[in-house]
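>>> here is my input; please provide its structure:
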Amino acid sequence: MVLASAGVYWSTALGSAWTVPRAAVRAVLQLVAVAAILTAALSSLRTSLIVLAVMFAAATVTAAHRSQSNRSWLLALALATGMLSVLPLLLATGLVPITGIAIVPIAGILLGSTMTATAVAARRALDTLRTRAGEVEALLSLGFRDRLARMEIIGPTATDALLPNLDQTRTVGIVTLPGAFVGVLLSTGSAMQAGAVQILILLSILLSQTCAVAVTLELIARGKITRTGHPPESMRRRLGLRRRRSATDASA
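Numbers count the residues shown, from 1 in each chain. This is a model prediction of the structure:
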């Protein structure tokens with residue numbers, strides 16, 4: 001498969017023929033290293049929590065980088081909200097045993113999906129504020145507060161980040177057979193158990209992503225996460241100046 005992919009790259013001018021082989025070698029080395037680390041780390045709950053902390057830090061850095069924003073480290077709040085909305089519930093109900101071998105894989109699945117949704121939502125929201133700056137200014141001129149004006153504009157577009165998992169949930173078993181379903185089915189041979197595990201994963205991801213995206217939009221709407229030279233900021237200053245001038249003219 002690697003050679004076939006490299007051949008397609010070479011014959012169609014997609015890029016260097018070494019692109020896929022390099023990625024494949026890197027993937028193998030990384031997975032070997034991770035497997036060795038996890039074998040030792042998952043032996044106790046304490047070391048498993050350390051692994052989770054490292055995973056969370058990496059997810060925060062990735063989401064922050066993809067969002068291309070200032071103070072993007074605040075996206076850690078969105079990720080934490082998403083994870084905390086699900087994990088305690090799963091642990092408290094006993095659906096996930098309080099052991100490292102159970103917590104780390106489930107948390108990894110949730111964190112990966114939540115990271116992607118958070119990064120996409122932040123990027124889409126900030127892009128929308130830039131491209132539809134005139135609409136934000138129009139709402140501000142009508143008396144809308146900053147937060148509400150921004151939320152009116154970014155809400156419908158940024159929630160596109162939730163569509164992939166929503167579509168997967170709607171079509172599961174009909175169009176796709178996700179990894180958790182296939183894994184449990186191969187290990188137990190029970191389609192019912194596999195279906196129950198997959199439903200648990202999908203619904204957990206939906207809740208985690210929804211909470212994370214909601215917090216992301218709130219942070220952007222309140223101006224906590226911005227981009228350098230962001231139009232809404234300059235518009236707010238211009239609008240404030242206009243209001244002060246109007247008030248001065250009226251008093252004169």
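
>>> can you report how many residues lie near residue 146?
Residue 146 sits with 18 neighbouring residues when counted by other C-beta atoms under 10 Å. For glycine as for every other residue, the C-beta is placed from the backbone atoms N, C-alpha and C.

>>> tell me the domain boundaries of this protein?
Domain assignment for the chain by automatic domain parsing gives 1-41, 42-251.

>>> any idea which of those scores lowest on pLDDT?
Taking the mean pLDDT of each of the domains of the chain, the lowest value is held by domain 42-251, a mean of 81.

>>> just give me how far that domain sits from the chain centre.
5 Å (C-alpha atoms, centre = their mean, to the nearest Å).

>>> counting contacts, what elements does the strand or helix carrying residue 22 pack onto?
Here residue 22, judged by DSSP states H and E, is contained in helix 19-41. Contacts of helix 19-41 with other secondary structure elements, assessed using 3 or more C-beta pairs under 8 Å, 6 or more residues apart in numbering; DSSP states H and E, are made with helix 2-12, helix 45-67, helix 100-131.

>>> contacts only, for the nearest residue in space to residue 107 that is not next to it in sequence.
If the residues on either side of it in the chain are set aside, residue 107 comes closest to residue 52, at 5.6 Å by C-beta to C-beta, 6 or more residues apart in numbering. For residue 52, the residues meeting the contact criterion (C-beta atoms under 8 Å, 6 or more residues apart in numbering) are 103, 104, 107.

>>> also residue 63?
When contacts are counted by C-beta under 8 Å, 6+ apart, residue 63 touches 72, 75, 78, 79, 115, 118, 119, 122.

>>> closest to residue 37 among the residues you listed?
Closest to residue 37 out of the contacts of residue 63 is residue 115 (19.9 Å), distances taken as C-beta to C-beta.

>>> can you tell me the closest non-neighbouring residue to the closest one?
Here the nearest residue to residue 115 in space, its sequence neighbours aside, is residue 59; by C-beta to C-beta, 6+ apart that works out to 4.1 Å.

>>> one more: residue 132?
With C-beta to C-beta, 6+ apart, the residue lying closest to residue 132 is residue 153, at 5.4 Å.

>>> how about residue 82?
With sequence-adjacent residues excluded and distances taken as C-beta to C-beta, 6+ apart, residue 82 is closest to residue 212, at 3.3 Å.

>>> what's the neighbour count on residue 38?
Other residues within reach of residue 38, judged by other C-beta under 10 Å, total 18.

>>> residue 104 is in contact with that one, correct?
Yes. Contact between residue 38 and residue 104 holds when scored by C-beta atoms under 8 Å: they sit 7.2 Å apart.

>>> overlap of the contact sets of the two?
Common neighbours of residue 38 and residue 104 (C-beta under 8 Å, 6+ apart) are residue 51.

>>> one step back: which residues sit in contact with the residue nearest to residue 115?
Under the criterion of C-beta under 8 Å, 6+ apart, the neighbours of residue 59 are 79, 111, 112, 114, 115.

>>> I figured residue 223 hits residue 149, correct?
No. Contact criterion C-beta under 8 Å: residue 223 and residue 149 do not qualify, at 10.9 Å.

>>> neighbour-wise, which of the two wins?
Looking at residue 223 and residue 149 with other C-beta under 10 Å, you find the greater number of neighbours at residue 149, namely 24 against 15.

>>> residue contacts, residue 76?
Taking C-beta under 8 Å, 6+ apart, we find residue 76 in contact with 56, 60.

>>> assumed it was part of a helix.
Yes. If the criterion is DSSP: H, G, I helix; E, B strand; the rest coil, then residue 76 is within a helix.

>>> and among the helices and strands packed on helix 19-41, the most buried is which?
For those, ranked by mean neighbour count under the definition mean count of other C-beta atoms under 10 Å, the leader is helix 100-131 at a mean of 21.

>>> now the helix or strand just after that helix against helix 100-131, angle please.
If you walk from helix 100-131 toward the C-terminus, the next helix or strand you reach (DSSP H and E) is helix 133-141. Between the axis of helix 133-141 and that of helix 100-131 there is an angle of 80 degrees, by axes from the mean of the first three to the mean of the last three C-alpha atoms, to 10 degrees.
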